[in-house]
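Q: Got a predicted structure plus its sequence, pasted below:
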2 protein chains.
Amino acid sequence: MTHPSPSRAFVSLIGAGPGDPGLLTLRGQQALQAADVVLFDYLANPELLRFAPDAETIYVGKKGFSEYISQEQINALIVAKAQEQGGRRVARLKGGDVFVFGRGGEEAEACAEAGVPFEVVPGVSSAIAAPAYAGIPVTHREAARSFAVLTGNTKEGGAHYERLSGVDTLVLLMGVRNLGQIAAELIAAGRDPQTPAATVQWGTTPQQRTVTGTLQTIARVVQEAGLEAPAVTVVGEVVRLRGSLRWFDLPG
Amino acid sequence: MTHPSPSRAFVSLIGAGPGDPGLLTLRGQQALQAADVVLFDYLANPELLRFAPDAETIYVGKKGFSEYISQEQINALIVAKAQEQGGRRVARLKGGDVFVFGRGGEEAEACAEAGVPFEVVPGVSSAIAAPAYAGIPVTHREAARSFAVLTGNTKEGGAHYERLSGVDTLVLLMGVRNLGQIAAELIAAGRDPQTPAATVQWGTTPQQRTVTGTLQTIARVVQEAGLEAPAVTVVGEVVRLRGSLRWFDLPG
């Protein structure tokens, strides 16, 4: 009687970081190096594929492709690839962190339901790192003792902008096109229209562009500058620190 | 006439990640390898010093030392070390991320004021990664469309627990001893006492311990289990996902 050999099936859900490939973690690099298959996102820097030169690579980004791939299809693909050929190692490379929006929890659930062992390799979140590369700390002594991260993407369900007044710094991921509406809701809920605000496009990459204004003006400033997704918006007194802490996107 | 050679003085403010040394970023590793001096924290894993075997190392953690070192002294030391011997490369290794509490903004300000060039190397925040290693995503479709990170350390200034009702997931860093008081304030402000809650001690390390309860019971559960700092507490429906997504601290 022979025993079946243990399956190699394994999924690493990896946060690729916010864009700068140097912000991948060491564990993320190792998981890529060990992968048989890499499924990667629109927001995961494709340079990172260099760590897996021999792996099968599958682009599952939702932008830039004419054929839409649904989250359910991605979940099924991750599981199917892990179960192929008696079990393969899958690296699922996601922009930013695994569990900060981006639906990594659903991918983990799909693995758990299929009985495929998985691990989570957290990544540097663009919610924190894009502001940091613009010289803006999300917390700062006296200026900010708390921060909240919200999606500005109303498809994922609108946030409760009217009940956030206890949070000092607000970080909005995605939804740069809804910025005017979100700012108006925050002002209507009592947040000072003069609160400093900044939007950072392609944060942490050589293409990083940052504009600043106030809660009242930021949507117009963003539009005039032509900033589009991917972009992170920070609202709070901490935005003032950019004046002294700017270190990456220095003025030419 | 001779020109003075350009100073090598440079400070890298590095997020060491939440504890697992594999969660250091590639840039963090490179900055350590290039460092002449490393100043490290209580919460930065000392294993990471292996990347800088020849550097001068200075422990500036505030715990475990009988002599207290103030933040002002740390700021001055970073600048002084960078300016020594005509300029040295300083790696300032901080637990978690640089700008999520921990006063990294003040260290950056000290560099800026002294004219010492600096960079920020964001790290994986324990606010997101400790829950992730406990199988808890801070956001999840339908369960959580926003999260806030607060310090439970009242020395850093209490948070506005009464005006956070628009936030789905709350993450409390530090202040595990104040947990009973914070939970009571959140309940008084209208958050459901039955909201699931989890506390993760030494998250992402082999010593990780996780306990779960509700907003009403978590302080007692933590006390009975003997959990102390460093610990991260998550409050929100997402805590239920640990039942299916637990992958790291598996039951023996």
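A: Alright, I've got the coordinates. What you see is a predicted model, and the numbers here were worked out from it, not measured in a lab. Numbers count the residues shown, from 1 in each chain, chains lettered A, B, ... in the order given.
Q: what about dumping the CA coordinates of stretch A:114-121 to CSV?
A: Output in CSV follows, covering the C-alpha atoms of stretch A:114-121 (Å, rounded to 0.1, in the frame of the first residue of the first chain):
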residue,chain,number,x,y,z
ALA,A,114,-11.1,24.6,-0.6
GLY,A,115,-8.8,23.3,2.1
VAL,A,116,-5.7,24.9,0.5
PRO,A,117,-3.2,25.9,3.1
PHE,A,118,-2.3,29.6,2.8
GLU,A,119,-0.2,32.3,4.5
VAL,A,120,-0.5,36.0,4.7
VAL,A,121,2.5,38.2,4.0
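Q: Name the residues of it that are buried.
A: By neighbour count on 16 or more other CB atoms under 10 Å in any protein chain shown, the buried set for stretch A:114-121 is A:114, A:116, A:118-121. (C-beta placed from N, C-alpha, C; glycine too.)
Q: Where helices are concerned, which of these count?
A: Of the buried residues of stretch A:114-121, the ones assigned to helices by DSSP state H are residue A:114.
Q: The buried residues of stretch A:114-121 also near chain B: which ones?
A: When CB under 8 Å from any CB of the partner chain is applied, the members of the buried residues of stretch A:114-121 adjacent to chain B are A:118-121.
Q: any idea how far residue A:174 is from the nearest residue to residue A:83 once chain neighbours are set aside?
A: Of all residues beyond its chain neighbours, the one nearest residue A:83 is residue A:9 (5.6 Å), with distances taken as CB to CB, 6 or more residues apart in numbering or on different chains. Noted for residue A:9: a distance of 32 Å to residue A:174, by CB to CB, to the nearest Å.
Q: Over to residue A:49?
A: Going from residue A:49 to residue A:174 by CB to CB gives 24 Å.
Q: ditto for residue A:213
A: From residue A:213 over to residue A:174 (counting by CB to CB), the distance is 19 Å.
Q: Mind naming the longest helix for chain A?
A: From DSSP H, the single longest helix across chain A is helix A:71-83.
Q: Correct me if wrong: residue A:92 contacts residue A:16.
A: No. Using CB atoms under 8 Å, residue A:92 is not in contact with residue A:16; the gap is 9.9 Å.
Q: out of residue A:213 and residue A:174, which sits in the more crowded spot?
A: Using other CB atoms under 10 Å in any protein chain shown as the criterion, residue A:213 and residue A:174 rank with residue A:174 on top: 22 against 19.
Q: Would you agree the more buried one is in contact with residue A:101?
A: Yes. Shown here, residue A:174 and residue A:101 form a contact pair, counting by CB under 8 Å, at 7.2 Å.
Q: which stretches of chain A form strands?
A: Listed in chain order, the strands of chain A (DSSP state E) span A:10-15, A:37-40, A:56-59, A:89-94, A:118-121, A:146-151, A:169-173, A:196-201, A:209-214, A:231-235.
Q: what sits against residue A:188?
A: Applying CB atoms under 8 Å, 6 or more residues apart in numbering or on different chains to residue A:188 gives the contacts residue A:162.
Q: So it versus residue A:161, what's the distance?
A: Here residue A:188 is placed at a distance of 8 Å from residue A:161 (CB to CB).
Q: With residue A:80 instead?
A: 40 Å.
Q: Just give me the neighbour total for residue A:45.
A: What residue A:45 shows, counting by other CB under 10 Å, is a neighbour count of 21.
Q: per-residue confidence at it?
A: Per-residue confidence at residue A:45 stands at 91 (pLDDT).
Q: you'd agree it is up against residue A:16?
A: Yes. In terms of CB under 8 Å, residue A:45 counts as a neighbour of residue A:16; the distance is 6.2 Å.
Q: Geometrically speaking, which residue is the centre of chain A?
A: With distances taken as CA atoms, centre = their mean, residue A:96 lies nearest the centre of chain A, 3.5 Å away.
Q: what residues are up against it?
A: By CB under 8 Å, 6+ apart, the contact list for residue A:96 reads A:15-18, A:43, A:102, A:123-127.
Q: which residues does it bridge with?
A: Here residue A:96 sits in beta bridges with residue A:17, going by DSSP bridges.
Q: For the nearest residue to residue A:209 once chain neighbours are set aside, list each beta-bridge partner.
A: The spatial neighbour of residue A:209 that comes closest, neighbours along the chain excluded (CB to CB, 6+ apart), is residue A:201 at 4.7 Å. Beta-bridge partners for residue A:201, by DSSP bridges, are residue A:209, residue A:231.
Q: Please tell me how far residue A:70 sits from chain B.
A: Using CB to the nearest CB, to the nearest Å, we find residue A:70 at a distance of 13 Å from chain B.
Q: what do you get for residue A:53?
A: Separation of residue A:53 from chain B (CB to the nearest CB) stands at 17 Å.
Q: Then residue A:52?
A: Per CB to the nearest CB, residue A:52 is found 15 Å from chain B.
Q: Repeat that for residue A:178.
A: Separation of residue A:178 from chain B (CB to the nearest CB): 14 Å.
Q: Verify the stated contact: that residue with residue A:150.
A: No. Here residue A:178 lies out of contact with residue A:150, judged by CB under 8 Å, at a distance of 11.0 Å.
Q: Of the two, give the one with the bigger neighbour count.
A: Comparing residue A:178 with residue A:150 by other CB under 10 Å, the one with more neighbours is residue A:150, at 31 against 17.
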